[in-house]
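Colleague: sequence unknown, structure follows:
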């Protein structure tokens, strides 16, 4: 019977020493994780500013926020809405052009807008379109062209008014 009371303090001491002794291993793991995260962030920045020019993070919505980013993303619009498109540019080692071609459900071109991209410019670009008499209900398509080549497209729908 006396063995149990003697074993209990020994077991508690072993658990405490084991818990306290692992601090060095966790610290090394945390440092390694921080180094890995820093290398990943550097790789992302390098990938965004080097290589061939390309588009990324294309979003469509009802409202723009800071830095030409979509603040209210959606694919559903009302007839009186303005449709916004935000386009990220990556690579950008040279000058280029980015164009948006807005197509009606019949295939008819509603609008086409082109923006110049300066060498090294990776800031998001924005395009928008509203119809003076309102959008007709239906499905529409906006196609993005980078340096004349089609690179992305977004479909959006206009619903009937209230």
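Modeller: Looks like it came in fine. This one's a predicted model, so the numbers in the text were calculated from it and none came from an experiment.
Colleague: helix or strand for the residue lying closest to residue 80 once chain neighbours are set aside, which one?
Modeller: In this structure, residue 80 finds its nearest non-sequential neighbour in residue 134, 5.4 Å apart by C-beta to C-beta, 6 or more residues apart in numbering. (Each C-beta comes from the backbone N, C-alpha and C, glycine too.) Per DSSP states H and E: residue 134 is located in neither a helix nor a strand.
Colleague: Looks like residue 134 contacts residue 83 (just checking).
Modeller: No - counting by C-beta atoms under 8 Å, residue 83 is not a contact partner of residue 134; they are 12.0 Å apart.
Colleague: of those two, who's got more company?
Modeller: Counting neighbours by other C-beta atoms under 10 Å for residue 134 and for residue 83 shows that residue 83 has the greater number, 22 against 13.
Colleague: Surely the more buried one and residue 76 touch.
Modeller: No - with contact defined as C-beta under 8 Å, residue 83 does not reach residue 76; the gap is 10.6 Å.
Colleague: shared neighbours of these two, which are they?
Modeller: Shared between the contact lists of residue 83 and residue 76 (criterion: C-beta atoms under 8 Å, 6 or more residues apart in numbering) are residues residue 156.
Colleague: Please report the number of neighbouring residues for residue 60.
Modeller: Here the number of neighbours of residue 60 (other C-beta under 10 Å) works out to 19.
Colleague: Got the domain ranges for this structure?
Modeller: 3-48, 52-158 (automatic domain parsing).
Colleague: Could you count how many residues lie near residue 70?
Modeller: Applying other C-beta under 10 Å, we find 20 residues neighbouring residue 70.
Colleague: Give me the phi and psi for residue 67.
Modeller: Residue 67 adopts backbone torsions of phi 50, psi 40, taken as degrees, to the nearest 10.
Colleague: Tell me the secondary structure of residue 37, please.
Modeller: helix (DSSP: H, G, I helix; E, B strand; the rest coil).
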